[in-house]
Structure formats: C-alpha cells, structure tokens
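Asks: When you get a sec, could you give me coordinates for this:
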Amino acid sequence: MLVIDGNRMEYDSISEQIPLDKLQSKIVKIMLSSEKTYPYKSIKHLAFELNLRKSSVDASLALYDSNIGFEVFRNARCNEQYWERTNPGGFLSKENVKPSDAMNDIYRNGHKYGTECSTAIVIIYYKAVLDVYNAALFDEIFPEIYLMNWIHIDSDLGITFDKDPIDDLPGDCIYFKNPDVDPETPEWRGENAIDLGNGYYYGHGMGIKTAEEILYILNRFRKEDAEQPAHRLDGVTRPAIQHLADIYINILQGTGV
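Replies: This next block holds a predicted model:
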C-alpha cells in the first residue's frame, strides 16, 4: 500500500502527477500491491525516491562500464588529483577540488581507481544523489567525502538497514554472505550488490549477475570443511532517502522552484 499525506493512492493518480519510466512504474506497482505501507509526506517525496532509485541503478551500470578495478583495502588506489588515499585504504576528497568533480572523476577515469565492494556501493549512492541533486547543491551538502565503508558515511547521506524489507525494490543493496569462506581468500566472504530491478544485480568485482550466479561464485571460495553454503541475507541497505528528499525539497521551496 502506498500512502501520501494519509491518503491511500492508486496507480493512475500517481502517474498523472509523476512522469514514470518503466523502472519507476515497476517500483510504484510493487509498493501499491505490497502488504507493507509506504508512507510519504507529499507526492514530491515519492517522486524523489523514484528518481533516486532510478539514479542508483543508472550509477551502478555506469560504474560497471567505468573499468574501476577490484582491490582489497590494502591495495586500494585512486586518482590523486582529486583524492587522498588514507592508510586504511579509503579515499578522502581533497580540499582544493569540488566533491562533485571528484565523484564524477571516478566514472570518467575508473581505470585509475581500485577498491572493494562496500566502497563501490558507497560510490554508487553518492553518485546517485549527485545526479538527482545538482553539483552546487551536492557540494553544499557534502563539502568533504570519505569513501571507504558504511562506517564513514556522511550523516546526510545516511545508510539505513531494513531487516525486514518484504519487497525487492530496485536500487536497494543486497548482501550475499559466504559464512564458510576460505581464510586464504577473505575478500570473498560476501558480496554487496545493487538490485537492478530486472532479476540482475551489480556487485563490484563480479559484475552484473543473477542471484544464483553470485552464490555460485561465492561457493567456489569456501574452506575445505565448509558446512554452510553462501546465501542471501534478508535485510537490505539503502541511503536515508526521505532525509535526502527533505533537504532537496526544502531547498527547492526556498528558491521558489
């Protein structure tokens, strides 16, 4: 069920107010038919989420095409024109560059970068927000960016964990866990992957795969006495979408747009 300002919505009323592409139409239909209630303050908040989810899928596909490398943290690399590599293997945006330019450089010059899958998800979500916001607003809200893992996320981007999502929604991050990973290959202890909305997922280091293909690859890297197969966890991770929507909508309203 999808509810806006306390009113239960139907597909036609939404599509009349928001131009929906194929992916966004699918998301709306999932929400409308769900046992879960999806509440929104306004139609603008729903539109923002649909745009951000679409942008997250687009950013995933673009990162796949960027030729960014897969590296464990100790071997992480970045373009030092825009980023400072920290000792743990993270990337800190430099003071003399715009964070929006630094983020876009990853997509323009992916061959100069190498990192692991959780950092790739963070990159995707920052890029998705950048493309829904504009560069000026992005730089205002995120004056400094540290890319590494969930722990170092900017509070305005936020990373929320939904332990009982019920529905599979494009743009969410799914985790595939390999509990009996071979200790010689700890980088294969799991895979963070973005739901692309078509039965496929993007996972950095694996590429675009089905869930079955991701599990097959992970199961190849189990220890000899493994008892538990790789499996998908129930919960999903995503940015603080409605908080980001509040920022965006309040600023637009303040400018009279």
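
Asks: just the helices in this protein please.
Replies: Ranges of helices within the chain are 11-17, 22-33, 43-65, 99-108, 117-132, 135-141, 211-219, 241-255, based on DSSP state H.

Asks: As a markdown table, those helices with distance to M148 would be great.
Replies: Glycine gets a C-beta too; all of them are placed from N, C-alpha and C. A markdown table is the format used below for these (distance: least, CB to CB, whole Å):
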| stretch | distance to M148 |
| --- | --- |
| helix 11-17 | 38 |
| helix 22-33 | 29 |
| helix 43-65 | 16 |
| helix 99-108 | 14 |
| helix 117-132 | 6 |
| helix 135-141 | 19 |
| helix 211-219 | 22 |
| helix 241-255 | 20 |
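
Asks: Quickly compare those helices and say which is most buried.
Replies: helix 117-132 (a mean of 24; mean count of other CB atoms under 10 Å).

Asks: Between helix 43-65 and that helix, find me the angle.
Replies: 130 degrees (axes from the mean of the first three to the mean of the last three CA atoms, to 10 degrees).

Asks: let's have the chain start at 499 instead
Replies: That works, and once the first residue is 499, the last one we named lands at helix 615-630.

Asks: Check which helices and strands helix 615-630 is in contact with.
Replies: With contacts taken as 3 or more CB pairs under 8 Å, 6 or more residues apart in numbering; DSSP states H and E, helix 615-630 sits against helix 541-563, helix 597-606, strand 644-645, strand 688-693.

Asks: gap between N505 and E642?
Replies: Counting by CB to CB, to the nearest Å, the gap from N505 to E642 is 40 Å.

Asks: Compare neighbour counts for the two and give me the winner.
Replies: In this comparison of N505 against E642, neighbours counted by other CB atoms under 10 Å, the higher total goes to E642 at 11 against 8.

Asks: which non-adjacent residue is nearest the more buried one?
Replies: Closest residue to E642 apart from its sequence neighbours, by CB to CB, 6 or more residues apart in numbering: S591 at 5.7 Å.

Asks: If the one you found is in a bridge, with which residues?
Replies: Partner residues in beta bridges with S591, using DSSP bridges, are W581.

Asks: now it: how far from K534?
Replies: 37 Å.

Asks: Which one of the helices of the chain lies nearest to T584?
Replies: Distance to T584, taken as CB to CB, is lowest for helix 615-630 among those, at 11.7 Å.

Asks: quick check: angle from that closest one to strand 688-693?
Replies: Put simply, helix 615-630 runs at 20 degrees to strand 688-693, going by the same axes, to 10 degrees.

Asks: tilt between helix 615-630 and helix 739-753?
Replies: 20 degrees.

Asks: Alpha carbons of helix 615-630, in CSV - could you do that?
Replies: The C-alpha trace of helix 615-630 is given here as CSV (Å, rounded to 0.1, in the frame of the first residue of the first chain):
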residue,chain,number,x,y,z
CYS,A,615,32.6,-4.0,-3.0
SER,A,616,31.3,-2.0,0.0
THR,A,617,33.2,1.1,-1.1
ALA,A,618,31.7,0.7,-4.6
ILE,A,619,28.2,0.8,-3.1
VAL,A,620,29.0,4.0,-1.3
ILE,A,621,30.3,5.4,-4.5
ILE,A,622,27.1,4.5,-6.3
TYR,A,623,24.9,6.1,-3.7
TYR,A,624,26.9,9.3,-3.7
LYS,A,625,26.8,9.4,-7.5
ALA,A,626,23.0,8.8,-7.5
VAL,A,627,22.4,11.7,-5.1
LEU,A,628,24.7,13.9,-7.2
ASP,A,629,22.7,13.2,-10.3
VAL,A,630,19.3,13.8,-8.6
